[in-house]
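> Output the structure for:
(one chain, ligands or ions: 1)
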Amino acid sequence: MTVGTGEAAASGAEGNGRAVGDGDAVVVDGLRKRFGSGPDAVTAVDGVSLRVERGSVVGLLGPNGAGKTTLIKCVLGMVLPDEGSVELLGTDVASDPRAAYGRVDAMLEGARNDYWRLTVRENLRYFTTIGGVDPDSVADRHDRLLRRLGLADRADTPVRELSRGMKQKVSLASVLAGGAEVVFLDEPTLGLDVESSRTLQRELRRLAEEEDLTVVLSSHDMDVIETVCDRVVIVSDGRVVADDTVDRLLRTDAVSAVRVTSPDLDADLVDAVGDRFEVTDVDPLDEGARIEVAVDGAGLYDLFAFLRSREVRLHGVRTVEPDLEDVFVSLTGIEDGGGGDGGSDSAGHESDSAGDEPDRGPRTRRGADR
Ligand SMILES: Nc1ncnc2c1ncn2[C@@H]1O[C@H](COP(=O)(O)OP(=O)(O)OP(=O)(O)O)[C@@H](O)[C@H]1O
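Below is the predicted model of the structure:
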């Protein structure tokens, strides 16, 4: 098992408006990374500071190109930042990378974590060993992981014979196998079916709550983020535009909506409503329509006064609570959760099958690549 106490991180400092104690597993301060130079230069990470408490699950959310991957790679030392500092479990990565990364592991998007010729269990043992831990000493942990991730009956199957979703689960199990205290997971549920995704989310929550695992995960899947994360950091154009608990983010999104169903809502009336209020959705029915109108508290009275003045009969009225997607859109101005086409899903994983060399996180890295 990976062990270590880790010194208190930057005690006494303030970050993102909350008090900082010695419970921070990740402290990023003023991180900046620019690619290229001159007019074509891209500032991928533009002065990011954030803190991740030990034992918490933090989601990194942002549209395509927002800088999430570059940020994670800077934190992991795979990309050299131009400015800023990173502490992992109280150790500055620049001054003592070996100690800082010793208790950290990662699964990056598209990275091959596994030796496909080895069995599932052999992979877990292998990655535990290269993490400096005797695999026999954590055999129970491996059994538990295999059971909880639904891999127990495939434990002795070579990874190459597994389905894509199963391989993804093996990759995750490999990351979690050695007992790292902090893990970075880039799109961990991509390519998983609903049941496997839920299993994984449950396991991540359990590991955080019962074993104090710190998880930083990036995902375009708002449901995953909303379900599994304690905090959400939203990144846009290389900057942090929100950093708060899921609950508070949902509460602070000022705009909520009301959904009104009426047989009297014909096209003219819907236009008339739209002239005065922000109609966000129109669903024509056989008779009338169902419309969604973005209103705050006071606007609600105005809306109903208007509908009453037009003698609109109300067959249904429902308030629509904002979800994380709404918060995301209002902060970044980008629809569709920023997922785009989901470009690099774990199909990339599959196409790597020709080789058998894994591409791993900090533990197997041979230094920064840029
Ligand atoms: N090696 C590189 N050279 C030049 N530009 C890069 C490099 N890596 C990333 N960028 C640019 O930096 C910006 C941030 O990219 P990054 O991959 O970090 O975003 P992301 O939020 O992870 O996006 P996605 O959600 O699509 O994975 C983009 O404009 C990207 O084109």
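> and this structure, which of its residues are near the ligand?
Neighbours of the ligand within the chain, by C-beta under 6 Å from any ligand atom: Phe35, Gly36, Val42, Ala44, Gly62, Asn64, Gly65, Ala66, Gly67, Lys68, Thr69, Thr70. Using the backbone N, CA and C atoms, a C-beta is placed for each residue, glycine as well.
> For those, please prepare TSV with the additional fields secondary structure.
Output for the residues of the chain next to the ligand, formatted as TSV (DSSP: H, G, I helix; E, B strand; the rest coil):
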residue	secondary structure
Phe35	strand
Gly36	coil
Val42	strand
Ala44	strand
Gly62	coil
Asn64	coil
Gly65	coil
Ala66	coil
Gly67	coil
Lys68	helix
Thr69	helix
Thr70	helix
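> so where's the longest helix in this protein?
helix 194-211 (DSSP state H).
> Show me what it is packed up against.
In terms of contacts (3 or more C-beta pairs under 8 Å, 6 or more residues apart in numbering; DSSP states H and E), helix 194-211 is packed against strand 57-61, helix 139-148, helix 164-177, strand 214-218, helix 222-228.
> and if we set it to 7 Å?
In this structure, helix 194-211 makes packing contacts with strand 57-61, helix 164-177, helix 222-228, judged by 3 or more C-beta pairs under 7 Å, 6 or more residues apart in numbering; DSSP states H and E.
> Report the angle between that helix and strand 57-61.
130 degrees (axes from the mean of the first three to the mean of the last three C-alpha atoms, to 10 degrees).
> buried stuff in helix 194-211?
Of all the residues in helix 194-211, those buried under the rule 16 or more other C-beta atoms under 10 Å are Ser196, Ser197, Arg198, Thr199, Leu200, Gln201, Glu203, Leu204, Arg205, Leu207, Ala208.
> Make sure the second one is actually in contact with Pro188.
So that's Ser197. No - Ser197 lies out of contact with Pro188 (C-beta atoms under 7 Å); the separation is 8.7 Å.
> Look up which residues are beta-bridged to the most centrally placed residue in the chain.
By C-alpha atoms, centre = their mean, the chain has its centre lying nearest to Ser218, at 2.8 Å. For Ser218, the residues forming beta bridges with it (DSSP bridges) are Leu60, Asp186.
> and it, what does it touch?
By C-beta atoms under 7 Å, 6 or more residues apart in numbering, the contact list for Ser218 reads Leu60, Lys68, Ile72, Asp186, Glu187.
> Kindly reformat the residues you listed as JSON lines containing pLDDT.
Listed next are the contacts of Ser218 as JSON lines, based on pLDDT from 0 to 100:
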{"residue": "Leu60", "pLDDT": "94"}
{"residue": "Lys68", "pLDDT": "91"}
{"residue": "Ile72", "pLDDT": "93"}
{"residue": "Asp186", "pLDDT": "88"}
{"residue": "Glu187", "pLDDT": "87"}
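> what's the closest of those to Asp302?
Nearest to Asp302 among the contacts of Ser218 is Leu60, at 38.7 Å by C-beta to C-beta.
> What count of nearby residues applies to the closest one?
27 (other C-beta atoms under 10 Å).
> Who are the contact partners of the residue lying closest to Gly288 once chain neighbours are set aside?
Nearest non-adjacent residue to Gly288, counting by C-beta to C-beta, 6 or more residues apart in numbering: Pro263, 3.8 Å away. Shown in contact with Pro263 (C-beta under 7 Å, 6+ apart): Glu287, Gly288, Arg313, His315.
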